[in-house]
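Peer 1: build me a model from this:
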Amino acid sequence: MADEIKEEYKALTCYTKMDEPHRRSFDALARYYGRILNRGPAQTVTVYTSHDFDRHCFNLYRIISMYLLREEGIQQLNPEELYLLNLSVLLHDISMCEGGYENGKKTAFNRAIHAIQSAEWIQHEFDQGDKPLSEYGLTAEQVEIICDICRAHSSVEDRKETTGLFAPELSYKKDGHTGKIRVKALAGIVRIADELDVARNRLKRADEMDRLLTAADDDRAEVQMFIRENENSRKHFRRLLLIRSLERCEENTTQIALKLDMGQVEKRRMAGDAENLVDDLDAIKRKIQGELDTLWTEVISKEAAGAGRLIMVQRVVWTEEDERYIKSLGPAEAPDAPVDIHPVQKETPQALDATEGAGGEMPPAEGVGTEWNCWMWVCPRKSANVSRSGSCFTWGTIASTRPTVPGTGLIRSG
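Peer 2: Okay, the predicted model is just below:
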């Protein structure tokens, strides 16, 4: 088995606030399962970011201790809740190394359902009776709660039933060994902490993606297929390189800030990749904010969850300096619905239907399909479904484009 795990986690609040019996048990379980995690994925070819103990788990403990719950939130957890939260962080990605179990039979690792597989593996490990999970005093009820939390840390998109925090079987509270455990709140904490592990320290080195892909010297068909099928992971690697760290917003504890790695950002900008760069930065922020919104609507705001004082963070922002820089690159967020529009050149030859499928209050008919020599926005209605591609925003069926330099731009139907 791999070398001993690093013990930096012992300096973090989520560890130091555990009582002595729980710390002893956690240390033993972390030594055993942390080494399995540090060993890495069973498959030899992978494009996945680190899911080990020394980096990924440690990052989550740090995020929980310093940014998400802080000491004030951690103190709101009872001793058993804190213990089960720490164990859930330890085991939430165990399937990345061990696969899963279905009907007692071992199954190969599947990234798409890894949250479910982690829960399956944990339950099977405990049921053996001679493994550390049972040897160090965990009860069946506690293991069931850990499985619930791990199962919810990632949504399974190819399932018809709802998963993640929306799963109907995910209880707000369950009986633990010493009292009620706020299961859904703990699941939400693990999920958002996992989402916040977006900084480049998750990578061993900047070229880790290229080293893992092994495309340069391995032309086996199965290797090349694996690389093609995991294009999303490659995108994730590129995005990780852009974020240097998280920062606490002491003046506003409802916010957490992302700090850019300007060396990597400028490298991409100078390579002529500014438009995709803005898209990537926007995607990072939107994904985290989406998870925060879900956490608040599904957990924090629900009286049944009993989690009102656990987490203060509601919003993810860029540092002020980085916010100014990103705005200089181009628009990353759709502006508010526009007001007047004034055609200043000729209409385009296209006869665009401004009414079909628009489903809302429409702009003047001459506005659609018309060229402008200034930046004008057309938005038929306020809509939560706003998408962006490059410098083009789409509201329902109407889109508007901002020219990168003064000149003409086409406002067109989407």
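Peer 1: could I get the full set of helices for the stretch 201-350 of the chain?
Peer 2: For the stretch 201-350 of the chain, helices defined by DSSP state H, counting those that start in this stretch occupy the ranges 208-213, 221-229, 231-240, 262-270, 274-295, 320-329.
Peer 1: CSV please, covering these and showing distance to Leu60.
Peer 2: Backbone N, C-alpha and C define where each C-beta goes, glycine included. Below are those laid out as CSV (distance: least, C-beta to C-beta, whole Å):
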stretch, distance to Leu60
helix 208-213, 19
helix 221-229, 27
helix 231-240, 15
helix 262-270, 23
helix 274-295, 14
helix 320-329, 23
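Peer 1: format those as JSON lines; extra columns: mean pLDDT and distance to Ile311.
Peer 2: Converted to JSON lines, the helices of the stretch 201-350 of the chain look like this (pLDDT from 0 to 100; distance: least, C-beta to C-beta, whole Å):
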{"stretch": "helix 208-213", "mean pLDDT": "51", "distance to Ile311": "31"}
{"stretch": "helix 221-229", "mean pLDDT": "61", "distance to Ile311": "36"}
{"stretch": "helix 231-240", "mean pLDDT": "72", "distance to Ile311": "24"}
{"stretch": "helix 262-270", "mean pLDDT": "91", "distance to Ile311": "29"}
{"stretch": "helix 274-295", "mean pLDDT": "92", "distance to Ile311": "7"}
{"stretch": "helix 320-329", "mean pLDDT": "93", "distance to Ile311": "23"}
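Peer 1: so which of those gets nearest Cys57?
Peer 2: For Cys57, the closest of the helices of the stretch 201-350 of the chain is helix 231-240, at 16.6 Å, according to C-beta to C-beta.
Peer 1: hmm, back to that, now distance to Ile189 and mean neighbour count too, for the helices of the stretch 201-350 of the chain, in JSON lines please.
Peer 2: Formatted as JSON lines, the helices of the stretch 201-350 of the chain follow (distance: least, C-beta to C-beta, whole Å; neighbours: other C-beta atoms under 10 Å):
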{"stretch": "helix 208-213", "distance to Ile189": "28", "mean neighbour count": "17"}
{"stretch": "helix 221-229", "distance to Ile189": "31", "mean neighbour count": "12"}
{"stretch": "helix 231-240", "distance to Ile189": "22", "mean neighbour count": "16"}
{"stretch": "helix 262-270", "distance to Ile189": "29", "mean neighbour count": "15"}
{"stretch": "helix 274-295", "distance to Ile189": "8", "mean neighbour count": "18"}
{"stretch": "helix 320-329", "distance to Ile189": "26", "mean neighbour count": "14"}
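Peer 1: nearest to Val183, out of those helices?
Peer 2: helix 274-295 (14.0 Å).
Peer 1: show me what the closest one is packed against.
Peer 2: helix 183-195, helix 231-240, strand 255-260, helix 262-270, strand 315-318, helix 320-329, strand 386-389 (3 or more C-beta pairs under 8 Å, 6 or more residues apart in numbering; DSSP states H and E).
Peer 1: mind putting these into a markdown table with distance to Leu84?
Peer 2: Below are the helices and strands packed on helix 274-295 laid out as a markdown table (distance: least, C-beta to C-beta, whole Å):
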| stretch | distance to Leu84 |
| --- | --- |
| helix 183-195 | 7 |
| helix 231-240 | 28 |
| strand 255-260 | 24 |
| helix 262-270 | 37 |
| strand 315-318 | 26 |
| helix 320-329 | 36 |
| strand 386-389 | 39 |
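Peer 1: returning to what we had before: how about the helices of the stretch 201-350 of the chain, which one is nearest Pro41?
Peer 2: Going by C-beta to C-beta, the one of the helices of the stretch 201-350 of the chain nearest Pro41 is helix 208-213, 9.9 Å.
Peer 1: walk me through the domains of this protein.
Peer 2: The chain breaks down by automatic domain parsing into domains covering 8-201+285-309, 334-414.
Peer 1: rank those domains by pLDDT, which is bottom?
Peer 2: Mean pLDDT per stretch puts domain 334-414 lowest among those, at a mean of 37.
Peer 1: circling back to that earlier point, wait, which of the helices and strands packed on helix 274-295 is closest to Asn59?
Peer 2: helix 183-195 (8.3 Å).
Peer 1: next, the angle strand 255-260 makes with the closest one.
Peer 2: Orientation of helix 183-195 against strand 255-260 (axes from the mean of the first three to the mean of the last three C-alpha atoms, to 10 degrees) gives an angle of 20 degrees.
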